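# Sequence and computational prediction follow.
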Amino acid sequence: MERIPILRMGDLLLVTIQVDMHDRLAMTLQDDLTERIVRDNAKGVLIDISALDLVDSFIGRMISNTAAMARVLDAQTVVVGMQPAVAITLVELGLTLHGVKTALNVEKGMALLGKNHF
Amino acid sequence: MSAALNNAVAFDTALLELHARLRTGRITLPLRSDEDVVALRRHVRERAVAIALSLVDQTKLVTAASELARNTIKYGGGGEAHLDALEDGFKRGVGLIFVDNGPGITDLDMALRDGYTTGGGLGLGLGGSKRLVDEFDIDSRPGEGTAVSVVKWKR
């Protein structure tokens, strides 16, 4: 089955989404991430979406849900690298990714996570 | 299958008529599975690039297409999408029509309202898509099906 790889770095989980995700793949990623947070005792999740040229309501909801699930599992989520055109479209669509932390790039995202738990 | 879907219900809106009048090319794609939505997004992106839509307008159109295609599958029980190249004098655009033979929408005003959903989603699909395109039209016949048409013009 098709899966998006999750890398572990210390107590952080890193995900780089590089494919055009269909809905099942997005759901699988949400499940995998939640499971890995517990298994790896992760304190932070960094999701890099710089390669995504579209975030629709389904992917947006997956991101929001993942962040909410991570939070109740005592982990922080940061979404990094959103393309400007995607941000404009997302807000016009009516999605604001409420409760999700964002950063412009991986480096800033790591800093944001680091500040919270190192 | 494509002909059967089109002939089953005689959908009729001003925007569908405009599509028929200004269309210079058409691709029809099936909408049955998640993978079909991804394929549709790719084709819509190609069309948008072909008429040199700005990156923001490309993204808006592809996102609207993704929302509407998901609706066709989830609420319409599957159907198809027509991708039309439109020309009106010097004006060029991409037109999309989503057709299904599903249960139809009984209350269109309600369905277009943000946050209204019958399927457990966010309820942003229809209303949100409408904001992302230049023209938007729905013809829905309860018990027969739904046709949603949208157009994004090159600015």
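Noted; the coordinates are in hand. Numbering: from 1, shown residues only, chains lettered A, B, ... in the order given.
# Residues of chain A that sit close to chain B?
Applying CB under 8 Å from any CB of the partner chain, we find that chain A lies next to chain B at A:20-25, A:53-58, A:60-61, A:83-86, A:88-90, A:92-95. Glycine gets a C-beta too; all of them are placed from N, C-alpha and C.
# For the nearest residue to B:V151 once chain neighbours are set aside, the count of nearby residues, please.
Here the nearest residue to B:V151 in space, its sequence neighbours aside, is B:E135; by CB to CB, 6 or more residues apart in numbering or on different chains that works out to 4.1 Å. By other CB atoms under 10 Å in any protein chain shown, 16 other residues sit near B:E135.
# just A:I88 next, same as before
16.
# that's a helix at it, yeah?
Yes. Assessed with DSSP: H, G, I helix; E, B strand; the rest coil, A:I88 lies in a helix.
# Pretty sure it sits against B:T59.
Yes. Between A:I88 and B:T59 there is a contact under CB atoms under 8 Å: 7.4 Å.
# For A:L14, list the residues it contacts.
A:6-8, A:46, A:48 (CB atoms under 8 Å, 6 or more residues apart in numbering or on different chains).
# Dig out what it forms beta bridges with.
A:L7, A:L46 (DSSP bridges).
# Next one: residue 115, what pLDDT does it get?
All of this is about chain A. Per-residue confidence (pLDDT) for A:K115: 58.
# Let me rephrase: I mean chain B.
77.
# pLDDT below threshold where in chain A?
A:115-118 (pLDDT under 70).
# Look at B:A4 and report its pLDDT.
For B:A4, pLDDT reads 45.
# Wait, a strand at B:D12?
No. Counting by three-state DSSP, B:D12 is not part of a strand but coil.
# Skipping adjacent residues, who's closest to it in space?
B:D139 is the one closest to B:D12 (CB to CB, 6+ apart), at 6.2 Å.
# Check the offset of stretch A:102-118 from the chain's centre.
How far stretch A:102-118 lies from its chain's middle: 13 Å, per CA atoms, centre = their mean, to the nearest Å.
# So what touches that stretch?
By CB under 8 Å, 6+ apart, stretch A:102-118 touches A:11-12, A:43-44, A:46, A:48, A:50, A:76, A:78-82, A:101.
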